[in-house]
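In: below is the sequence, then the predicted model.
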Amino acid sequence: MSKAVVTTNNLTTREYIVNGVNGKLVNMKDVDDFAMQIQDLINDKGKRISYGKALRLKVEEYGSPDSFIDAIIEITNQIRAD
């Protein structure tokens, strides 16, 4: 499974996401930019496919999809705690 990603810009996600290459990074708490980047992906199927394929290659290079998902969940929980 290959999916495009929009996530916050922090140390962990920068290990996987190269902004504009395999996903989009937005600043923490910048809800407007987050929504804009999601809308951009909704409107651009080619970008979704390209980002998804590139991200899958990166994840396979750095570790299992489960370890990436665990990292995203951890980051999400940290954001919610703020």
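Out: Received it, and whenever you're ready, just let me know what you need. Numbering: from 1, shown residues only.
In: helix, strand, or coil at the nearest residue to residue 19 once chain neighbours are set aside?
Out: The shortest distance from residue 19 to any non-neighbouring residue, by Cβ to Cβ, 6 or more residues apart in numbering, is to residue 25 (4.4 Å). Just so you know, the C-beta spots here come from the backbone N, C-alpha and C atoms, and that holds for glycine as well. State at residue 25, reduced to three classes by DSSP: H, G, I helix; E, B strand; the rest coil: strand.
In: change the start of the numbering to 7 and stick with it
Out: Shifting the count to begin at 7 puts that one at residue 31.
In: give me the beta-bridge partners of residue 31?
Out: residue 13 (DSSP bridges).
In: just give me the neighbour total for it.
Out: Neighbours of residue 31 under the rule other Cβ atoms under 10 Å: 18.
In: surely it meets residue 11?
Out: No - counting by Cβ atoms under 8 Å, residue 31 does not reach residue 11; the two are 9.1 Å apart.
In: overlap of the contact sets of the two?
Out: residue 23 (Cβ atoms under 8 Å, 6 or more residues apart in numbering).
In: tell me the pLDDT at residue 83?
Out: On pLDDT, residue 83 comes in at 88.
In: that should have said residue 23, apologies.
Out: 92.
In: hang on, it is in a helix, isn't it?
Out: No - the assignment for residue 23, made by three-state DSSP, is coil rather than a helix.
In: for the lowest-mean-pLDDT helix or strand in the chain, packing partners?
Out: Of all helical and strand segments in the chain, the minimum by mean pLDDT, DSSP states H and E falls on helix 71-87, at a mean of 81. For helix 71-87, the contact count by 3 or more Cβ pairs under 8 Å, 6 or more residues apart in numbering; DSSP states H and E identifies strand 12-14, helix 17-20, helix 51-68 as packing neighbours.
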